[in-house]
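Chemist: Test case, fold it:
(chains A, B, C and D)
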Protein chains: 4
Amino acid sequence: MDNKFPGKDVTISDLKEKFPLAAKKNKNHQSKIDICGHVFGGKKIPIFAGPNMVESKELIFDVAKNIKKIGSSFMRGGAFKPLTFPYRSKKFNETREKGIEWLMQAKEKFKIPIITEVMETKFLPLVTEVTDIIQIGSRNMQNYPFLVDCAQTGMPIMLKRHYGSSIRDWLGAAEYILKEGNKNVLLCERGVVVPHTHRNTSRFLLDLQVIPAAKELTHLPIISDPSHATFWSPWVKSMTLASIAAGADGIMLEVHPNPRESAVDPLQPISYGEFKRLREEMKKVAKAIGRVI
Amino acid sequence: MDNKFPGKDVTISDLKEKFPLAAKKNKNHQSKIDICGHVFGGKKIPIFAGPNMVESKELIFDVAKNIKKIGSSFMRGGAFKPLTFPYRSKKFNETREKGIEWLMQAKEKFKIPIITEVMETKFLPLVTEVTDIIQIGSRNMQNYPFLVDCAQTGMPIMLKRHYGSSIRDWLGAAEYILKEGNKNVLLCERGVVVPHTHRNTSRFLLDLQVIPAAKELTHLPIISDPSHATFWSPWVKSMTLASIAAGADGIMLEVHPNPRESAVDPLQPISYGEFKRLREEMKKVAKAIGRVI
Amino acid sequence: MDNKFPGKDVTISDLKEKFPLAAKKNKNHQSKIDICGHVFGGKKIPIFAGPNMVESKELIFDVAKNIKKIGSSFMRGGAFKPLTFPYRSKKFNETREKGIEWLMQAKEKFKIPIITEVMETKFLPLVTEVTDIIQIGSRNMQNYPFLVDCAQTGMPIMLKRHYGSSIRDWLGAAEYILKEGNKNVLLCERGVVVPHTHRNTSRFLLDLQVIPAAKELTHLPIISDPSHATFWSPWVKSMTLASIAAGADGIMLEVHPNPRESAVDPLQPISYGEFKRLREEMKKVAKAIGRVI
Amino acid sequence: MDNKFPGKDVTISDLKEKFPLAAKKNKNHQSKIDICGHVFGGKKIPIFAGPNMVESKELIFDVAKNIKKIGSSFMRGGAFKPLTFPYRSKKFNETREKGIEWLMQAKEKFKIPIITEVMETKFLPLVTEVTDIIQIGSRNMQNYPFLVDCAQTGMPIMLKRHYGSSIRDWLGAAEYILKEGNKNVLLCERGVVVPHTHRNTSRFLLDLQVIPAAKELTHLPIISDPSHATFWSPWVKSMTLASIAAGADGIMLEVHPNPRESAVDPLQPISYGEFKRLREEMKKVAKAIGRVI
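Modeler: Predicted coordinates for the structure are as follows:
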């Protein structure tokens, strides 16, 4: 009723005034972003695999070796993690500077590019030494000064959608990065809050409808993260294949040698064996829609 | 905190006490339901296609001929429709008894089985003369006396999930039907209410996570209806392919010769040409996951 | 972006075309509905109190006597109940015809008007013999043929909002009743599905914002039901007082002599003592905003 | 089904292990926090009033003078604002250092304490020179390193709930502050994302049920912000009175001399006259529940 006032949904004027750099210029406009030889937004669908946390040197070396062999394009794993509560047990803890060091060693030894999260400007110099993509987590999506600081590193950035945010808010956050002249932005859907998530341990629902919706509006590649969205490893396979069929330009998976021993969120990682089998199925679905893994 | 009191999510005791007939008896328990030679819950993924409303004899004959040729297993189309407002224009109206008559003629002429909605017990005798599956709409999912009346016809039933209901409520509704001795129950996901649906005209989000979630709990086949869920035809293709990849046992599509001329919800139907091309892609994705269209 | 197509929110044309009878004719248009001498939509705020279910004659007589003494305007209590699962224990069961008979006897003996739910057209003759207001439950809000049947009895009707429905859907349902010439319609907010309800046993959130929102659009009185919305008796007091402050025209409360022994939903009823104390506080808040209990 | 794994809702062990400092020690545990002589958590309900943005010196002086006269305990107003999009018009802009300077001058001249938002650690020294309470906005609720930095200033902090966050996440964020030894924490509910918000311009629903829910779990005072929640000034009055009746320990209101001329969100502020009349009604409702404004 108040068309001149901002609402919940994207309007045509938003495309020109609110996020002109994130908006498609024409129907076929699609960015292709090359990161370490892996192109996002093209025919190929790169995979990020790895543990939630960089728990130990042994773990991260074991993961790097195995996921590279299976066929992951990048290794994921957090040395810095936004944890809901401030208390840390020995097991449940960030490894921070040490974790970054282990990632660096694993990267060198196994020649696998890295994506890892950073949560504070002051750690950008450290983290960008090792990471090939800066991961901005859901909880920082609207930390605008931090988005600008990340953008100014010139590094590729993966911007996770906040679990309560609209597509309008998400593209607005991406625009903050693009406006700094940093064109290498990947968007990542990782689950949203909804009335029903089907299990008492599952907090989010993977919003696959946002993939075609975002692709109507933006040229930026869209990654899907079924592990965080489902919080429940038995659903990861079908939600991964559905993500590919829905048009995702990349897949982020939580993979751990002993999933139930994962330091955090032990219900969501899949094992090496599950990852290997899933990758074979991903290849088939990708091929069916004219893409490749 | 009150484990003895009912909560939002399914508990282990629910499987035995609340919906023992809908619950899986073991990990591999999966019902196969044969309706007019089309088996739901097996390797094949049947398609329901057709208009939202049985608008006219001409329309329904044209649709029957075309979708059969393209490869739809069933024709869908409503002669009775739950409309949000009580006023009817000439264009925007239920055709009721006439519509049922036209469906009957089309069925006979084009030899295509029918699925159509019924909203009241008093129309069950009329509607069951033509329909091969009774469609119970979202808005009637919790109309329990009506569920029992439908069950007692002995006909196969497709039970749409209410757009605000949990999986627990949905399986409870299915149990009402199963308890009457009617085993031919299909569940249908058709979109749920969530905070963000990405367009001001889109009211629902297709909940694909409910497919693996439901398959953990129940042996009943799960159908997906991307047309109603998205309310927006450009998203139907990707959401259909994602439904198949997620494990749907059937797909319901709104197909209309002139989508924008559809009597209701003109933003959601796809054309014959779009349906034809989509079916080819559905076949490929189905094959990729070891199923067939 | 598609203003000519129906969306999620009420538009100005809706007021004229979709629900002209439910819509306010001017800023101050407010219906006053007199039921058994209790006027809804005026200065007074009537109370409905009583158990969830008419469990036994003893219970309902005890409740009628006590809540009348405390000051409830109407007694509520269901002989017919939409239960999520089809199995009935001895304790957890509808009393149906017997329950209606007990309500009738209690009404006669204690001279208190009745509001009770009916779920099927075939029971309308029976239920309207005793009830002074037909309660249409959340799950039947969109059972349009049934709404018409209820409307045609000429009885006052309280239409509960479906827990997943928009204000647009709710006013559309009310319009079905009004269109039959039945002007005595009360709307009732009873909680909606949202991402966070704060307890694992609480399924809904009381939507108090819908009170001013509805009052902008409709002249019909709005009732609030904090018991069903919260599912948790310790929150009932504050949500009742907040409902009054928000502008509710009536309050429905679940009251039981032994709340934790209630046949259904034992976490939500309050006791006679709690009701008595609450009513005193309700009087004070009502007075503060220029109304009376 | 997996009680040992973290879920969506607060469990009893959370109270001891996840947020022992935020959790109530006993049923009657309630913190009273004295800020500039205004006590939060006691009988009195302080008010924060003022514009969304510190637009100009003239505006902020005019507001300070008027709201103090009307009876606001604190003046609110943002010099730093998290804006959804990076582009600034002349009108729609943060005033930053200048805004802080104007707040300082207004505070001195009109002797009214200040609450204002800060979004980055580097501006803490500047902002804490003028503010009496650090406001942490919804979008920064989970910016944990920043919460710690704010806590270490020793200043009182108001922590707004993220619009997608559970009560568990919110109390976890509060625990980060409390763990640093800073006990002066106010929680603020400002609206959450839900399926239906009743207007296309309204993005949130004021969650009043969270007030009794939070008061069951925590001793921290709860503030309510009906202006941001409703995004629509005509609903502010009833939602403010409902907040008081629900048990809020403070009220934050957006007040502007010419609401529709507000630099941001012009649909939500109320005028001086509306504020004056509302405060009189707030006093009455507060008195009715045994509190004072």
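
Chemist: Checking the residue of the stretch 1-150 of chain A found nearest chain B next. Helix, strand or coil?
Modeler: Nearest residue of the stretch 1-150 of chain A to chain B (Cβ to the nearest Cβ) works out as A:Asp9 at 4.2 Å. The way it works is simple: take the backbone N, C-alpha and C, and place the C-beta from them, glycine included. Reduced to three states with DSSP: H, G, I helix; E, B strand; the rest coil, the structure at A:Asp9 is coil.

Chemist: and it, how many residues sit next to it?
Modeler: 21 (other Cβ atoms under 10 Å in any protein chain shown).

Chemist: same deal with A:Lys91?
Modeler: A:Lys91: 11 neighbours (other Cβ under 10 Å).

Chemist: wait, isn't it in contact with A:Ala263?
Modeler: Yes: counting by Cβ atoms under 8 Å, A:Lys91 touches A:Ala263, with 5.6 Å between them.

Chemist: With adjacent residues omitted, what lies nearest to A:Pro156?
Modeler: Nearest non-adjacent residue to A:Pro156, counting by Cβ to Cβ, 6 or more residues apart in numbering or on different chains: A:Asn184, 3.8 Å away.

Chemist: Look up how far A:Val10 lies from A:Leu217.
Modeler: 6 Å (Cβ to Cβ, to the nearest Å).

Chemist: Please identify which of those two sits among more neighbours.
Modeler: Using other Cβ under 10 Å as the criterion, A:Leu217 and A:Val10 rank with A:Val10 on top: 24 against 19.

Chemist: what about A:Ala242, helix or strand, and which?
Modeler: Taking DSSP states H and E as the definition, one finds A:Ala242 inside helix A:236-246.

Chemist: which is the next helix or strand following that helix?
Modeler: Assignment by DSSP H and E places the next element after helix A:236-246 at strand A:250-254.

Chemist: What residue in the stretch 51-200 of chain A comes nearest to chain B?
Modeler: Per Cβ to the nearest Cβ, A:His198 is where the stretch 51-200 of chain A lies closest to chain B, at 3.7 Å.

Chemist: Skipping adjacent residues, who's closest to that residue in space?
Modeler: Spatial nearest neighbour of A:His198, excluding adjacent residues (Cβ to Cβ, 6+ apart): B:Ala213 at 3.7 Å.

Chemist: Tell me who's in contact with the one you found.
Modeler: Residues near B:Ala213 by Cβ atoms under 8 Å, 6 or more residues apart in numbering or on different chains: A:His198, A:Arg199, A:Trp235, B:Ile167.

Chemist: Kindly reformat the residues you listed as a markdown table containing secondary structure and neighbour count.
Modeler: Output for those, formatted as a markdown table (DSSP: H, G, I helix; E, B strand; the rest coil; neighbours: other Cβ atoms under 10 Å in any protein chain shown):
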| residue | secondary structure | neighbour count |
| --- | --- | --- |
| A:His198 | coil | 25 |
| A:Arg199 | coil | 24 |
| A:Trp235 | helix | 28 |
| B:Ile167 | helix | 25 |
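
Chemist: can you put the residues you listed in JSON lines and add distance to B:Val194 and pLDDT?
Modeler: Converted to JSON lines, the contacts of B:Ala213 look like this (distance: Cβ to Cβ, whole Å; pLDDT from 0 to 100):
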{"residue": "A:His198", "distance to B:Val194": "13", "pLDDT": "93"}
{"residue": "A:Arg199", "distance to B:Val194": "17", "pLDDT": "90"}
{"residue": "A:Trp235", "distance to B:Val194": "18", "pLDDT": "97"}
{"residue": "B:Ile167", "distance to B:Val194": "15", "pLDDT": "96"}
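
Chemist: Show me which pair in those is furthest apart.
Modeler: Greatest spatial distance among these (Cβ to Cβ): A:Trp235 and B:Ile167, at 12.5 Å.

Chemist: Would you mind giving the secondary structure of the residue nearest to A:His198?
Modeler: With three-state DSSP as the basis, the three-state label of B:Ala213 is helix.

Chemist: And it, how far from chain C?
Modeler: Distance of B:Ala213 to chain C, computed by Cβ to the nearest Cβ, to the nearest Å: 16 Å.

Chemist: Could you tell me what pLDDT the model assigned to that residue?
Modeler: Looking at B:Ala213, its pLDDT reads 97.

Chemist: what does A:Arg260 give?
Modeler: 89.

Chemist: which non-adjacent residue is nearest it?
Modeler: A:Pro266 (4.9 Å).

Chemist: Once you drop chain neighbours, what's closest to the residue in the stretch 51-200 of chain A that chain D sits nearest to?
Modeler: In the stretch 51-200 of chain A, the residue that lies nearest chain D is A:Gly164 (1.8 Å; Cβ to the nearest Cβ). Spatial nearest neighbour of A:Gly164, excluding adjacent residues (Cβ to Cβ, 6+ apart): D:Gly164 at 1.8 Å.

Chemist: What of A:Met104?
Modeler: The shortest distance from A:Met104 to any non-neighbouring residue, by Cβ to Cβ, 6+ apart, is to A:Val130 (4.5 Å).

Chemist: Tell me the helix or strand right after the worst-scoring helix or strand of chain A on mean pLDDT.
Modeler: Of all helical and strand segments in chain A, the minimum by mean pLDDT, DSSP states H and E falls on helix A:12-17, at a mean of 91. Following helix A:12-17 in sequence order, the next helix or strand is strand A:33-35 (DSSP H and E).

Chemist: Just list what that following strand packs against, helices and strands only.
Modeler: strand A:38-40 (3 or more Cβ pairs under 8 Å, 6 or more residues apart in numbering or on different chains; DSSP states H and E).

Chemist: ok, residues contacting the strand it packs on?
Modeler: By Cβ under 8 Å, 6+ apart, strand A:38-40 touches A:32-34, A:44, A:46, A:73-74, A:113, A:186, A:221, A:223, A:249-250.

Chemist: Repeat the analysis, applying 7 Å as the threshold.
Modeler: With Cβ atoms under 7 Å, 6 or more residues apart in numbering or on different chains as the test, strand A:38-40 has contacts from A:Lys32, A:Ile33, A:Pro46, A:Ser73, A:Leu186, A:Pro221, A:Asp249, A:Gly250.

Chemist: Relative to chain C, how far out is A:Pro195?
Modeler: 4 Å.

Chemist: try A:Ile136
Modeler: 22 Å.

Chemist: With A:Leu124 instead?
Modeler: Taking Cβ to the nearest Cβ, one finds A:Leu124 at 32 Å from chain C.

Chemist: quick one: what helix or strand has that residue in it?
Modeler: With DSSP H and E as the criterion, A:Leu124 is inside helix A:124-130.

Chemist: Spell out which parts of the stretch 151-293 of chain A neighbour chain D.
Modeler: Within the stretch 151-293 of chain A, the positions lying close to chain D (Cβ under 7 Å from any Cβ of the partner chain) are A:162-164, A:169, A:172, A:175-176, A:179, A:193, A:195, A:200-201, A:203, A:267.

Chemist: now with 8 Å?
Modeler: For the stretch 151-293 of chain A, the residues in contact with chain D (Cβ under 8 Å from any Cβ of the partner chain) are A:162-166, A:168-169, A:172-173, A:175-176, A:179, A:192-193, A:195, A:197, A:199-203, A:266-267.

Chemist: Cross the residues you listed against helices and list the overlap.
Modeler: Using DSSP state H, the members of those that fall in helices are A:Arg168, A:Asp169, A:Gly172, A:Ala173, A:Glu175, A:Tyr176, A:Lys179.
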